[in-house]
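**Student:** Okay, structure incoming, though there's no sequence with it:
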């Protein structure tokens, strides 16, 4: 169903804002959201993770498979309260101080996410890392203002490439949607929300990276200081996706040989 939606939204690439709405109807039920896994992990030095279903981008390097591409077929609906209890249980058992929703795009189910963040804030035990592609935060600045209510949230905006052209090649989306990712950083900073950019650089040229750094500095020099490099991890299904797309990363890492500074 979603692959058909992508085709219908395509001209010179699909519209990720429109795709987000199509996906939302499949993964949101009232204030509940679909998830397919809860886990601990070594990222950020240890973090409890709830993996959600459904995304509004189709990144060729993405490690998510069926939960991204066939959201109607996988996962279960859970309330924010249930998700928080599961994350709290994992974090308490393992001594983590960080929580996140990952696996796909957390911002698609807005009411669910905001209620989950309220629970994090009310409990006061953890920090929440909001990992997002930023499309919806760039599209609607009121979303960033709502996030500003929370003191325990840090937003990691994952830029898909360093230029509109790279973004389109890596995601299949309209190249101009890249600017929504940069607008997300601007909206977040304007609202006083802690954030930083994490940039997929495996396919980037030196010129495109330099151009991106100039654009980030125009928004705020702090974004240069907190610039995070991100590279492809060569899971078998990712390698196959890249092969079909005819893309070869300049820099990539096998999952069992990821440098410590990238974890």
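**Tutor:** Done, it's in. None of the values given here were measured: they were computed from a predicted structure.

**Student:** hey, let's count contacts and neighbours off CA atoms from now on
**Tutor:** OK.

**Student:** Give the buried residues for stretch 239-254.
**Tutor:** By 16 or more other C-alpha atoms under 10 Å, the buried positions in stretch 239-254 come out as 239, 241-242, 252.

**Student:** what's the closest of the residues you listed to residue 185?
**Tutor:** The closest of the buried residues of stretch 239-254 to residue 185 turns out to be residue 252 (C-alpha to C-alpha; 25.9 Å).

**Student:** which one among the buried residues of stretch 239-254 gets closest to residue 193?
**Tutor:** Looking across these and measuring by C-alpha to C-alpha, the closest to residue 193 is residue 252, at 31.0 Å.

**Student:** For that closest one, which residues are in contact?
**Tutor:** Neighbouring residues of residue 252 by C-alpha atoms under 8 Å, 6 or more residues apart in numbering: 202, 231-234.

**Student:** max-length strand in this structure?
**Tutor:** Secondary structure assigned by DSSP state E gives strand 32-41 as the longest strand of the chain.

**Student:** Mean confidence (pLDDT) on stretch 186-201, please.
**Tutor:** Stretch 186-201 shows a mean pLDDT of 98 in the predicted model.

**Student:** Find the centremost residue of this protein, please.
**Tutor:** In the chain, the centroid-proximal residue (C-alpha atoms, centre = their mean) is residue 132; its distance is 2.8 Å.

**Student:** partners of that residue in the sheet?
**Tutor:** Beta-bridge partners for residue 132, by DSSP bridges, are residue 157.

**Student:** Quick one: the helices in this protein, in order.
**Tutor:** 2-8, 16-27, 66-69, 80-94, 110-123, 135-139, 141-147, 164-171, 178-191, 206-219, 222-225, 236-245 (DSSP state H).

**Student:** neighbouring contacts of the third one?
**Tutor:** Contacting residues not belonging to helix 66-69 are listed as 2-3, 36, 52-55, 73-75, 104 [C-alpha under 8 Å, 6+ apart].

**Student:** Buried residues, that helix. List them.
**Tutor:** Neighbour-count burial for helix 66-69 flags 67-69 (criterion: 16+ other C-alpha under 10 Å).

**Student:** ok, of the buried residues of stretch 239-254, which one's closest to residue 121?
**Tutor:** Distances from residue 121 to the buried residues of stretch 239-254, taken by C-alpha to C-alpha, are shortest for residue 252, at 36.6 Å.

**Student:** Which other helices and strands does the longest strand of the chain contact?
**Tutor:** Packing partners of strand 32-41 (3 or more C-alpha pairs under 8 Å, 6 or more residues apart in numbering; DSSP states H and E): strand 47-52, strand 76-78, helix 80-94.

**Student:** ok, now with 10 Å
**Tutor:** Judged by 3 or more C-alpha pairs under 10 Å, 6 or more residues apart in numbering; DSSP states H and E, the packing partners of strand 32-41 are helix 16-27, strand 47-52, helix 66-69, strand 76-78, helix 80-94, strand 98-102, helix 110-123.

**Student:** Residue 129 is in contact with residue 195, isn't it?
**Tutor:** Yes - at 9.4 Å, residue 129 counts as touching residue 195 under the criterion of C-alpha atoms under 10 Å.

**Student:** Need the residues touching each of those two.
**Tutor:** Shared contacts of residue 129 and residue 195 (C-alpha atoms under 10 Å, 6 or more residues apart in numbering): 153-156.
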